[in-house]
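**Student:** Predicted model, plus sequence, below.
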Amino acid sequence: MSPNMPLGDRMANGARDISPDDGRLVQRTKRQSMSESIPTDAAAPARPWRVVRPVYRSFLFGLAIALVWAGVRPESGHSVPKSARVKIAVVRSLDLPEYNQALEGFISALHGTGYEPATSVITLGSGDAAIESALRVVSASQPDLILALGSRALVEVSRREKTIPVVYSMVLEPPPGASGTEALPSQDNVTGATLNISLLVQIQKLRLVFPTAKRIGVISDPAQTKRLVDSAVHVAKASGISIRVQWIKNEGDIPSALRALSDSIDVFWMLPDQTVLTAQSSRYIIFELIKAGVPIMGLSSAYVKAGALIALDCNYRDVGRQSGELAVRILAGQSPAQLPPTQPRRYTLAVNAKVREHIRIPVDEGVVSDTGVTTF
């Protein structure tokens, strides 16, 4: 997997790049020394990019699609008759089950609205030429709307398309002010559904699971997440919780930052920081904190599978449905510029049952044992 893959796409890609050894992390912590540095083993092999339907690589076939789907090129703010067959081009970063769930939710939102979706799906290739070719097919098909699934798909589509409405889904919005990352497009033809669960919801859930927790530890690169951390500190303070931050400049600072935190915090909170949460450093953080008995609140169930104790996991189908609901309003004539991005409204708590045996702070058994909780 590419180390430069956007964090949102890596979240959707599951625990393949952060799970150290097929679930045996807890057992290994009993045998290895606290003095170990970040493991030097390579991250999981890259998942090959591929186009779902290789025939789409042919520009001639793209022209054939354009003939079948012939029509006037739509623009943002122009309505589509409800009796019409709606042409939707789906561009996704990766071929993943999570993205397919979001697509199902998107299509379900259109059912019963009078719109009959006709979708074509393209998965981005690995090189500039492949991406350009794939998106040329999309443009030639003259869709009524483009659905971008994943951060990379959104970036590539929005760079090239300035008039056709673009709705995104399965995108983790970069923290405000983060350097080295691309902010969500602020174009008038773009809106969508993010994977960003609000800080308040996360703090509230953390307090439910750990009712005695008062000190949360965070590692942050200020160039990436300072504004996000400042907001988190404010939200947590209102809930009677203090956040202790270790600022770092690069991945090599993580071991010393973790040592400074581990004895003085009740819970460690993973924030979407590209410097902190590389595949290698994520494994290291999880490994060391399990040994120290400090529970981790991860970004998603991918991190819970890898050893974090809990995470709030978005309902990907509903995130897709939120995108579909935005699409319906756009097809009815509203401009994407008038529709702010949404945050997940449905999520589940994921819990790692094995890790529960190794933490030093009590959890609310009623919360983590609820029937709505996903246990690994």
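**Tutor:** Arrived safely. Fair warning: this is a prediction, and the values are worked out from it, not measured in the lab.
**Student:** hey, let's count contacts and neighbours off CA atoms from now on
**Tutor:** Noted.
**Student:** Would you map the strands across the stretch 51-200 of the chain?
**Tutor:** Remark: strands assigned in the stretch 51-200 of the chain by DSSP state E, counting those that start in this stretch are 85-92, 116-123, 145-149, 166-171, 190-194.
**Student:** now the ones you listed in a markdown table, with distance to Ala260, mean neighbour count and mean pLDDT?
**Tutor:** Putting those into a markdown table (distance: least, Cα to Cα, whole Å; neighbours: other Cα atoms under 10 Å; pLDDT from 0 to 100) gives the following:
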| stretch | distance to Ala260 | mean neighbour count | mean pLDDT |
| --- | --- | --- | --- |
| strand 85-92 | 41 | 22 | 94 |
| strand 116-123 | 43 | 18 | 93 |
| strand 145-149 | 39 | 28 | 97 |
| strand 166-171 | 33 | 29 | 96 |
| strand 190-194 | 33 | 28 | 96 |
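**Student:** which residues of the stretch 151-300 of the chain score low on pLDDT?
**Tutor:** Residue ranges of the stretch 151-300 of the chain with pLDDT under 70: 176-183.
**Student:** Where do the helices of it begin and end?
**Tutor:** 151-160, 199-209, 222-238, 254-262, 279-292 (DSSP state H, counting those that start in this stretch).
**Student:** Out of these, which gets nearest to Arg244?
**Tutor:** Nearest to Arg244, of all the helices of the stretch 151-300 of the chain, is helix 254-262, at 7.7 Å by Cα to Cα.
**Student:** Please name every helix or strand in contact with that closest one.
**Tutor:** strand 215-220, strand 242-247, helix 279-292 (3 or more Cα pairs under 8 Å, 6 or more residues apart in numbering; DSSP states H and E).
**Student:** run the last query once more with 6 Å
**Tutor:** Contacts defined by 3 or more Cα pairs under 6 Å, 6 or more residues apart in numbering; DSSP states H and E place helix 254-262 against no helix or strand at all.
**Student:** Pull out the buried positions in that helix.
**Tutor:** Neighbour counts over helix 254-262 (16 or more other Cα atoms under 10 Å) mark Ile254, Pro255, Ala257, Leu258, Leu261, Ser262 as buried.
**Student:** returning to that earlier point: what would the helices of the stretch 151-300 of the chain look like in a markdown table with distance to Val167?
**Tutor:** Output for the helices of the stretch 151-300 of the chain, formatted as a markdown table (distance: least, Cα to Cα, whole Å):
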| stretch | distance to Val167 |
| --- | --- |
| helix 151-160 | 9 |
| helix 199-209 | 24 |
| helix 222-238 | 25 |
| helix 254-262 | 37 |
| helix 279-292 | 29 |
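**Student:** The strand or helix carrying Leu349 pairs with which strands, parallel or anti?
**Tutor:** Using DSSP states H and E, Leu349 sits within strand 347-351. Partners of strand 347-351 in the sheet, by DSSP bridges, are strand 310-314 (antiparallel), strand 374-375 (parallel).
**Student:** Moving C-terminal from the longest one, which element do we reach first?
**Tutor:** Looking back up the chat, that one is strand 310-314. Next along the chain from strand 310-314, counting by DSSP H and E, comes helix 316-331.
**Student:** how far does that following helix sit from the chain's center?
**Tutor:** Centre-to-centre, helix 316-331 and its host chain are 17 Å apart (Cα atoms, centre = their mean, to the nearest Å).
**Student:** just use 25 as the starting number from now, easier for me
**Tutor:** OK, 25 is where the count begins now, so the last one is helix 340-355.
**Student:** then it to PDB, C-alphas only?
**Tutor:** Only the C-alpha atoms of helix 340-355 are listed here, as PDB (Å, rounded to 0.1, in the frame of the first residue of the first chain):
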ATOM      1  CA  TYR A 340     -20.600   3.200   5.300                       C
ATOM      2  CA  ARG A 341     -23.900   2.400   3.700                       C
ATOM      3  CA  ASP A 342     -25.500   5.400   5.400                       C
ATOM      4  CA  VAL A 343     -22.600   7.700   4.500                       C
ATOM      5  CA  GLY A 344     -23.300   6.700   0.900                       C
ATOM      6  CA  ARG A 345     -27.000   7.300   1.500                       C
ATOM      7  CA  GLN A 346     -26.200  10.800   2.800                       C
ATOM      8  CA  SER A 347     -24.300  11.400  -0.500                       C
ATOM      9  CA  GLY A 348     -27.400  10.200  -2.400                       C
ATOM     10  CA  GLU A 349     -29.700  12.500  -0.500                       C
ATOM     11  CA  LEU A 350     -27.400  15.400  -1.500                       C
ATOM     12  CA  ALA A 351     -27.500  14.100  -5.100                       C
ATOM     13  CA  VAL A 352     -31.300  14.100  -5.200                       C
ATOM     14  CA  ARG A 353     -31.300  17.800  -4.100                       C
ATOM     15  CA  ILE A 354     -28.800  18.700  -6.800                       C
ATOM     16  CA  LEU A 355     -30.700  16.800  -9.500                       C
END
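**Student:** now that helix against strand 371-375, angle please.
**Tutor:** 160 degrees (axes from the mean of the first three to the mean of the last three Cα atoms, to 10 degrees).
**Student:** tell me the angle helix 340-355 makes with strand 214-218.
**Tutor:** Using the same axes, to 10 degrees: helix 340-355 against strand 214-218 is 160 degrees.
**Student:** Return the set of buried residues in helix 340-355.
**Tutor:** 340-352, 354-355.
**Student:** again with stretch 119-132
**Tutor:** Applying 16+ other Cα under 10 Å to stretch 119-132 flags Asp119, Glu122, Tyr123, Asn124, Gln125, Ala126, Leu127, Glu128, Gly129, Phe130, Ile131, Ser132 as buried.
**Student:** What lies in contact with that stretch?
**Tutor:** Under the contact criterion Cα atoms under 6 Å, 6 or more residues apart in numbering, stretch 119-132 has outside partners Tyr340, Arg341, Asp342, Gly344, Arg345, Ser347, Gly348.
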